[in-house]
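Q: Quick one: sequence and predicted model below, then my questions.
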2 protein chains.
Amino acid sequence: MAPPASRRLDQLVQALQRLPGVGQRSASRMAYHLLQHDRDGALQLAHALQAAAEGIRHCRLCHTFAEEDVCPTCADPARDPAQLCIVETPADQAAIERTGSYRGRYFVLMGRLSPLDGIGPDDIGVHPLLQRLQATPAVQEVILATSFTAEGEATAHIISRLAQALGLKVTRLARGVPVGSELEYVDLGTIAHALADRR
Amino acid sequence: MAPPASRRLDQLVQALQRLPGVGQRSASRMAYHLLQHDRDGALQLAHALQAAAEGIRHCRLCHTFAEEDVCPTCADPARDPAQLCIVETPADQAAIERTGSYRGRYFVLMGRLSPLDGIGPDDIGVHPLLQRLQATPAVQEVILATSFTAEGEATAHIISRLAQALGLKVTRLARGVPVGSELEYVDLGTIAHALADRR
């Protein structure tokens, strides 16, 4: 889509396609928008990208993105070290935090098993998790909060086996009918799980 | 969506939302992807953004993005100065160039009239176009190649009046049935135009 008028424009359109979900057409549109209407935004994004790429690493304890050796959540002495909640991404962790109903600690896998995409246990944080579990005798319960998709379930299964081998209690987020939904519109698998797990 | 773990991550997610069509959820996903899987891509994008924002300006003649005072297309002495094709964006210009069937010159509006969005004649390149037409007596025909939408038609209408006031011949891209399409599936407005403009 890009005209041959400018090598820098071509390079920008190319580089924007490194973003997930952005193809050539979206990249052209983004480049034109930034150059035509928001050069400040382009420079701000350039600086934010550089600062993040050079300054963000993984928390030594929970593996999430952090600027320090240990992230603020892990450094908080008020969090209960007996519970360790396993999530796939920082966004999942943020969602749980927003509920305000969990005061334990976290481990962020930064992904989930996906054999079809070539993502195995070594590509997500399974090995650091094992080290964390072995090095932290305070952990008593591992709460599996991976997605309820085939990949999330497979990830939960592997971690469950590892944690049980270490003699830890392993729990999984409850499956059931979402709050606020009418039964008529809930899928059958969910209703079946909600029936089986009734309490 | 972003966890409070890192100010740099927050700033990156904010900055990514300056891109058109990118909301908070997409921005988080892009930031995680770059930091987890493609830090080289993040740095490459940072450099491309900076180079483009600082090095790309508008061609003095056709108003498109260019690194030099005059873009390569305008600087090409082989192009026919008697024809001036008016397009909305560099992408539209590139589409016409790819047909290989136009050897005249261009003027790129960098937008189209959109009163509902507050985009009037002063926000697109109507004023520079008028200067270009007045300063270039070689132009004999103005070819309107704006979109066949309400906004593109309004844009074409305004430019048509300006060009006619200068005594120039004004033409519009033909409306009609797209090549390769079956009549049954072509919308009625297009068929009506194709009938009226039959030749």
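A: Happy to help now that I have it.
Q: Could you check how far residue A:44 is from residue B:50?
A: 11 Å (CB to CB, to the nearest Å). In this view, the C-beta of every residue, glycine as well, is placed from N, C-alpha and C.
Q: which residues do the two both contact?
A: The contact sets of residue A:44 and residue B:50 do not overlap (CB atoms under 8 Å, 6 or more residues apart in numbering or on different chains).
Q: Residue ranges in chain A under the pLDDT threshold?
A: A:1-5 (pLDDT under 70).
Q: near chain B, anything from stretch A:62-69?
A: Yes - Stretch A:62-69 is in contact with chain B by CB under 8 Å from any CB of the partner chain, via A:64, A:65, A:66, A:67.
Q: Secondary structure and distance to residue A:157 for those residues - can I get that in JSON lines?
A: What follows is the residues of stretch A:62-69 next to chain B, written out as JSON lines (DSSP: H, G, I helix; E, B strand; the rest coil; distance: CB to CB, whole Å):
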{"residue": "A:64", "secondary structure": "coil", "distance to residue A:157": "22"}
{"residue": "A:65", "secondary structure": "strand", "distance to residue A:157": "26"}
{"residue": "A:66", "secondary structure": "strand", "distance to residue A:157": "28"}
{"residue": "A:67", "secondary structure": "coil", "distance to residue A:157": "33"}
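Q: Out of those residues, which two sit at the greatest distance?
A: Farthest pair in those (CB to CB) is A:64 and A:67. Separation: 11.1 Å.
Q: quick one, longest strand in chain A?
A: strand A:80-87 (DSSP state E).
Q: check whether that strand contacts chain B.
A: No - Strand A:80-87 does not reach chain B (CB under 8 Å from any CB); its nearest approach is 10.1 Å.
Q: Any buried residues in the helix or strand just after that strand, and which?
A: Under the assignment DSSP states H and E, the closest C-terminal helix or strand after strand A:80-87 is helix A:90-99. Buried residues in helix A:90-99, defined by neighbour count with 16 or more other CB atoms under 10 Å in any protein chain shown: A:90, A:91, A:92, A:93, A:94, A:96.
Q: Show me the strands in chain A, by range?
A: A:57-58, A:65-66, A:80-87, A:104-108, A:141-144, A:169-172.
Q: Hey, what's the angle from the fourth one to strand A:80-87? Just curious.
A: Using axes from the mean of the first three to the mean of the last three CA atoms, to 10 degrees, the interaxial angle of strand A:104-108 with respect to strand A:80-87 works out to 30 degrees.
Q: just checking, what packs against strand A:104-108?
A: helix A:72-75, strand A:80-87, helix A:90-99 (3 or more CB pairs under 8 Å, 6 or more residues apart in numbering or on different chains; DSSP states H and E).
Q: what comes into contact with it?
A: Contacts for strand A:104-108 (CB under 8 Å, 6+ apart): A:59, A:61-64, A:73-74, A:79-90, A:92-93, A:96, A:125, A:129, A:132, A:139, A:141, A:143.
Q: and if we set it to 6 Å?
A: Contacts with strand A:104-108, where a contact means CB atoms under 6 Å, 6 or more residues apart in numbering or on different chains, come from A:62-64, A:79-81, A:83-87, A:90, A:93, A:129.
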